[in-house]
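Q: sequence first, then the predicted structure:
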Amino acid sequence: MNLLNNTKQYNKILLLFLLILCVSSIIAPIIKAFFDPLVKSSPFIIDLLNYKRETYDFGKVMRRIILAVAILVIFLFRKPLMVRSFTTIGIKLSHGWWRHLQMGFLLGTGIFILYIAFFLSSGNMTLNIDAKSFSDLILKILEILLIAGIVGFIEEMFFRGIILQSFLQDMHTASAVCASSMFYSLLHFFKAKLLVSTGFQPFIGFIVVYKSFANIVLDFNNILPSIIGLFLVGVVLSYTYLRTKSLYFAIGLHAGWIFLTKVNILFFDHARTNKQWLYGDSTVITGVLGWILLIITLILIKFVTKASFYEKDAARTG
């Protein structure tokens, strides 16, 4: 603990990331031993892990293990990370927090609707609702909304609330935004599908971690458009936090993007096109059009936050 206190914040993040991977890899065989009997007896676990032909994807289990260990490590090392409370990372029930959340969500969904309209008009998307009935459609939309809110909250609290703020302690603002955004982008690809059979495998965790690193390196050219897109997403969300000094607008914006991305898949089929460099895929962020819309979002945030947060707040206090 004393060693961490004398270490620069960005080095703390790197050391703790390695610690998380190490601890996760060590406990992975124990978790596997717990899941092995369940994949043969529990219908829920069988469906969750897609157990077929006596094998299941342990990579999916490993991602959950890493997430749980990350939460534990952050809690244990919250003082060196300067995470004293939710308030210090931008989560506080200040005046107007709900308005900030709504504005972020509306801006995120509004930009995405603009993308869908452009895509539909170009003939590269057709309506094909993936639902059995109207009630099933409503339930799926509500489920997507819930998932979007949870993911938006967790990722913003971790990446902008902890990672970005840690980098800002020892780096210039632009460098901190770029470094945290690249970390955010690459972590989305830190995963590996690994089919395993039942039985004790002591190095299974380390194998998944190795394959996760290897996949990023070996598949780099294919995932580069997504890396660029996610990097820009990180920059926009970081800028949002810096403008508002809280996470609520960023959470709303993030949740809005996730919500419309998943609704997009639920409602539409994407036609294959030789202009994928322009349109990207259903995730939006893999094409030039998506990148342009992210840059437009960045510009809009500057004006929206200026009008909504600075001028109105000054008027109230004046």
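A: Right, received. Where do you want to start?
Q: going along the chain, name the strands of the stretch 201-318 of the chain.
A: 268-270 (DSSP state E, counting those that start in this stretch).
Q: where in it is pLDDT low?
A: 271-274, 282, 306-318 (pLDDT under 70).
Q: quick check: phi and psi at K52.
A: Dihedral pair for K52: phi -140, psi 150, per degrees, to the nearest 10.
Q: make 28 the starting number, not 1.
A: Done: numbering now begins at 28, and the last item shifts to K79.
Q: give me the number of residues near it?
A: 10 (other Cβ atoms under 10 Å). To be clear about C-beta, it is placed using only N, CA and C from the backbone, and glycine gets the same treatment.
Q: please name the nearest non-neighbouring residue to L164.
A: Spatial nearest neighbour of L164, chain neighbours left out: A158 (3.8 Å); criterion: Cβ to Cβ, 6 or more residues apart in numbering.
Q: surely that neighbour meets L293?
A: Yes: if you go by Cβ atoms under 8 Å, A158 and L293 touch, sitting 7.2 Å apart.
Q: buried ones in the helix or strand harbouring G176, by neighbour count?
A: The secondary structure element spanning G176 is helix 161-182 (assigned by DSSP states H and E). Using 16 or more other Cβ atoms under 10 Å as the test for burial, helix 161-182 gives 167-168, 171-172, 175-176, 179-180, 182.
Q: against which helices or strands is that helix packed?
A: Contact partners of helix 161-182 among helices and strands, from 3 or more Cβ pairs under 8 Å, 6 or more residues apart in numbering; DSSP states H and E: helix 275-294.
Q: tell me the helices and strands packed up against the helix it packs on.
A: Short answer (3+ Cβ pairs under 8 Å, 6+ apart): helix 275-294 packs on helix 124-148, helix 161-182, helix 247-271, helix 315-332.
Q: contact partners of the first one?
A: In other words, helix 124-148. 152, 267, 271, 273, 275-284, 286-288, 291, 295, 297, 306, 311, 316-317, 320, 323-324, 327-328, 331, 335-336 (Cβ atoms under 8 Å, 6 or more residues apart in numbering).
Q: list buried residues within those.
A: 152, 267, 271, 273, 275-284, 286-288, 291, 295, 297, 306, 311, 316-317, 320, 324, 328, 331, 335-336.
Q: hmm, back to that, what number of residues lie near the residue nearest to L164?
A: 14.
Q: can I get the helices and strands packed on helix 275-294 in TSV with distance to K106?
A: As requested, the helices and strands packed on helix 275-294 are arranged in TSV below (distance: least, Cβ to Cβ, whole Å):
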stretch	distance to K106
helix 124-148	26
helix 161-182	21
helix 247-271	22
helix 315-332	31
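Q: out of the ones you listed, nearest to A95?
A: helix 161-182 (12.2 Å; Cβ to Cβ).
Q: can you dump the C-alpha atoms of that closest one in PDB for me?
A: The C-alpha trace of helix 161-182 is given here as PDB (Å, rounded to 0.1, in the frame of the first residue of the first chain):
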ATOM      1  CA  PHE A 161     -46.200  -6.400 -29.500                       C
ATOM      2  CA  SER A 162     -45.900  -7.300 -25.800                       C
ATOM      3  CA  ASP A 163     -42.700  -9.200 -26.500                       C
ATOM      4  CA  LEU A 164     -41.400  -6.100 -28.300                       C
ATOM      5  CA  ILE A 165     -42.200  -3.800 -25.400                       C
ATOM      6  CA  LEU A 166     -40.500  -6.200 -22.900                       C
ATOM      7  CA  LYS A 167     -37.400  -6.400 -25.100                       C
ATOM      8  CA  ILE A 168     -37.200  -2.600 -25.300                       C
ATOM      9  CA  LEU A 169     -37.600  -2.200 -21.500                       C
ATOM     10  CA  GLU A 170     -34.900  -4.900 -21.000                       C
ATOM     11  CA  ILE A 171     -32.600  -3.000 -23.400                       C
ATOM     12  CA  LEU A 172     -33.300   0.300 -21.600                       C
ATOM     13  CA  LEU A 173     -32.400  -1.400 -18.300                       C
ATOM     14  CA  ILE A 174     -29.200  -2.900 -19.600                       C
ATOM     15  CA  ALA A 175     -28.200   0.500 -21.200                       C
ATOM     16  CA  GLY A 176     -28.700   2.300 -17.900                       C
ATOM     17  CA  ILE A 177     -26.700  -0.300 -15.900                       C
ATOM     18  CA  VAL A 178     -23.800  -0.500 -18.400                       C
ATOM     19  CA  GLY A 179     -23.700   3.200 -18.900                       C
ATOM     20  CA  PHE A 180     -23.500   3.800 -15.100                       C
ATOM     21  CA  ILE A 181     -20.900   1.100 -14.500                       C
ATOM     22  CA  GLU A 182     -18.600   2.000 -17.400                       C
END
